[in-house]
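S.K.: give me a model of this one.
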Amino acid sequence: MLFSCNTVAPPRSSPPTLPEDSPGSEPSEHGWLQLDLDFADPQTLTAVSVRGGTLDGRTTIDSLHRFPPFGGEGGGLRRAMPFVSAFAGGNVLYGYSQRDRSELLIATPRTGASSLLVATTDIIHSAAMGVDGWIYYVVLDRDRREERGIFRLRLGGQPEPFIPAPRLRSAPFEGSALFVTPESKYLLVQDCGVDTCVLRSYRTSTAEPAGDIATTARRPLGVFPEHVVLADVCVAPCPAVAVSLGDDSKSPVGVACDRAVAIELNGDLVVVSSDRRDCIGDARDLVAVSHGGARIELGKPDFAGLELVESSVSTAVELPPESVVLASGGTLTQEARGVLLDVSSLASSAFDIQRP
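M.R.: All right, here's what the predicted structure looks like:
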């Protein structure tokens with residue numbers, strides 16, 4: 001298979017931008033982005049709503065992308081669903097496909113800026129960005145939905161090949177998610193099939209493989225410089241493990257309930273879980289369990305009715321150090337109530353998502 005990407009030139013009116021500084025410690029300097037999908041029927045996508053803002057309640061991005069119905073019978077949406085990436089340096093990527101075109105965009109919710117990066121007649125399946133400014137994305141052949149490879153580009157630059165296809169030499173995979181470690185040392189690719197996932201790590205400096213580990217844990221809870229924390233998808237409580245990117249070893253990090261987020265706290269990896277249904281032994285609203293097994297009760301009356309906001313394929317949250325975000329229903333929707341909680345000090349600040 002040729003290592004190529006059928007790109008279309010982005011419009012000149014939307015030049016990519018990159019802030020000169022990274023987010024500080026104030027809630028107003030940390031962003032969120034959420035995609036909501038509009039379906040004509042369960043198999044046909046007709047629009048993508050993009051909303052974003054900051055953790056002090058401001059809404060800075062509110063756009064609706066409509067297009068002719070895409071998908072339909074026969075797996076038309078297979079591996080072509082819209083997605084959002086993790087934050088890097090105040091920026092977040094998102095992408096979606098139409099009938100004959102895929103687009104990858106970059107947004108900076110704290111300023112409200114948004115720009116088109118790549119347009120292609122192929123499918124852009126997933127993407128991730130490092131703090132060093134490199135952007136990585138998986139390209140699929142539109143007709144066969146087979147991988148053409150992983151490409152990369154810098155802001156203002158042109159796409160270039162990074163990892164050629166075929167990468168997947170075992171059973172077929174239905175989804176691939178990309179992550180870049182906080183210091184941009186590794187590109188992580190999580191390839192998942194029906195029963196298992198394979199977590200592959202590549203050195204960003206050389207594209208050489210650095211690790212390859214099979215695991216039933218497919219739910220990413222957090223990515224750190226030398227570890228990634230994953231949890232099984234099961235009836236809670238679900239085991240959470242920290243995978244070492246240096247030697248592929250795995251070690252337990254507590255459990256994940258219906259909603260869970262991994263953070264670094266005092267140099268230790270900690271899984272914070274919503275515990276509303278006694279999934280790990282009591283009825284506290286929030287419980288944190290560390291890598292070493294220590295348990296911290298975080299339940300507070302102020303959190304009633306709020307749930308952890310998880311980063312997912314449709315939601316990205318830029319967390320300050322040692323912090324988590326809670327919101328009504330676990331979703332940052334318009335007029336939702338939210339709380340930014342510092343797990344170390346237990347200090348919290350409330351906010352309401354404002355209309356743009």
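
S.K.: excluding covalently adjacent residues, which one is nearest to Leu265?
M.R.: Glu322 (5.3 Å; Cβ to Cβ, 6 or more residues apart in numbering). In this view, the C-beta of every residue, glycine as well, is placed from N, C-alpha and C.

S.K.: my guess is the one you found contacts Ile263, does it?
M.R.: Yes - using Cβ atoms under 8 Å, Glu322 is in contact with Ile263, at 6.0 Å.

S.K.: which one of the two is surrounded by more residues?
M.R.: The neighbour count for Glu322 versus Ile263, taken as other Cβ atoms under 10 Å, is higher for Ile263 (22 against 15).

S.K.: on that earlier part again, what about the residue nearest to Leu265, distance to Leu306?
M.R.: Distance, Glu322 to Leu306, by Cβ to Cβ, to the nearest Å: 19 Å.

S.K.: shouldn't Lys185 be in contact with Tyr202?
M.R.: No - using Cβ under 8 Å as the test, Lys185 is too far from Tyr202 to be in contact (10.1 Å).

S.K.: those two: who's more crowded?
M.R.: Tyr202 (21 against 17).

S.K.: for the closest residue to Ser85 other than its chain neighbours, list the residues it contacts.
M.R.: Leaving out its chain neighbours, the residue that sits closest to Ser85 by Cβ to Cβ, 6+ apart is Leu93, at 4.0 Å. Contact partners of Leu93, counting by Cβ atoms under 8 Å, 6 or more residues apart in numbering, are 84-85, 104-107, 117, 127-129, 135, 137.

S.K.: check Glu160 too.
M.R.: When contacts are counted by Cβ under 8 Å, 6+ apart, Glu160 touches 151-153.

S.K.: low-confidence regions, the stretch 101-250 of the chain specifically.
M.R.: 168-173 (pLDDT under 70).

S.K.: for it, which segments count as strands?
M.R.: Using DSSP state E, counting those that start in this stretch, the strands found in the stretch 101-250 of the chain span residues 102-108, 113-120, 123-129, 134-140, 147-154, 160-164, 175-180, 186-192, 197-203, 209-215, 219-223, 227-231, 238-244, 250-256.

S.K.: a markdown table please, covering those strands and showing distance to Ile353.
M.R.: Output for the strands of the stretch 101-250 of the chain, formatted as a markdown table (distance: least, Cβ to Cβ, whole Å):
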| stretch | distance to Ile353 |
| --- | --- |
| strand 102-108 | 16 |
| strand 113-120 | 18 |
| strand 123-129 | 24 |
| strand 134-140 | 28 |
| strand 147-154 | 32 |
| strand 160-164 | 37 |
| strand 175-180 | 26 |
| strand 186-192 | 30 |
| strand 197-203 | 33 |
| strand 209-215 | 35 |
| strand 219-223 | 24 |
| strand 227-231 | 27 |
| strand 238-244 | 29 |
| strand 250-256 | 26 |
